[in-house]
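Trainee: Show me how the following folds:
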Amino acid sequence: MELFGINLKADLLLAPILALIVPIIWNFASIPISWLREFFMKKPAIIHIGIDLEYKELKNAVFKCLVVRYGTDEYIKSMANDQEKYDGRLRNEIVDATHTNGVLSFNIPLHKRIGTQFKCFLEVDTKEEAEEIVKQCDKFDGIYDLSFSSSQHKNRVFFLLKDYGETLTVDKLKNNMLFPI
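Mentor: Predicted coordinates:
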């Protein structure tokens, strides 16, 4: 049977098959597309901090950085599109620091459109060592607002960097912010 030059028997058989195949192909094709998008939307930003690690208080300290999320909480909440909201979900990824000639370096991923929220910290063996570092905070240039971790990691001391932007989270915590260029 034909209607407007279309063979209805063949199309009636082909439609359910296409309805099954197209979503499967779409799902498999979207995986590499999302990987490529992630790759091209982030670029590495290297942060250098000059901290003299010869202080006895810092001898056992391990420096790290917490990548909190992409974008500011306020932007994600009020102005972001769906893709930016997805990109701006909470990450809490830990990045290790490298130490060369008295300079700490963190390789932080910078989101090209909405920036990156981060907070640096140092980890010591005991809470007592952490308390001693907070007492001596005036010795360290370029950092401020030292605070203890409120999580189960009581031996972490978080701090902000003076050379980078600052943002306030919905939980009223301060984080540093790398803004896109």
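
Trainee: hey, where'd the helices end up in the chain?
Mentor: With helices called from DSSP state H, the chain shows them at 8-41, 73-78, 82-87, 127-135.

Trainee: Low-confidence stretches in this protein?
Mentor: Across the chain, the ranges flagged by pLDDT under 70 are 1-13, 37, 39-41, 44, 49-59, 102, 137-139.

Trainee: Would you mind splitting it into its domains for me?
Mentor: Here the domain parsing of the chain from automatic domain parsing is 2-40, 43-178.

Trainee: returning to that earlier point: please convert the helices of the chain to a markdown table, extending it with distance to residue 47 and mean neighbour count.
Mentor: Every C-beta, even on glycine, is put in place using the N, C-alpha and C of the backbone. Formatted as a markdown table, these follow (distance: least, Cβ to Cβ, whole Å; neighbours: other Cβ atoms under 10 Å):
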| stretch | distance to residue 47 | mean neighbour count |
| --- | --- | --- |
| helix 8-41 | 19 | 10 |
| helix 73-78 | 21 | 15 |
| helix 82-87 | 20 | 14 |
| helix 127-135 | 20 | 16 |
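
Trainee: TSV please, covering those helices and showing distance to residue 171.
Mentor: Output for these, formatted as TSV (distance: least, Cβ to Cβ, whole Å):
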stretch	distance to residue 171
helix 8-41	26
helix 73-78	8
helix 82-87	18
helix 127-135	21
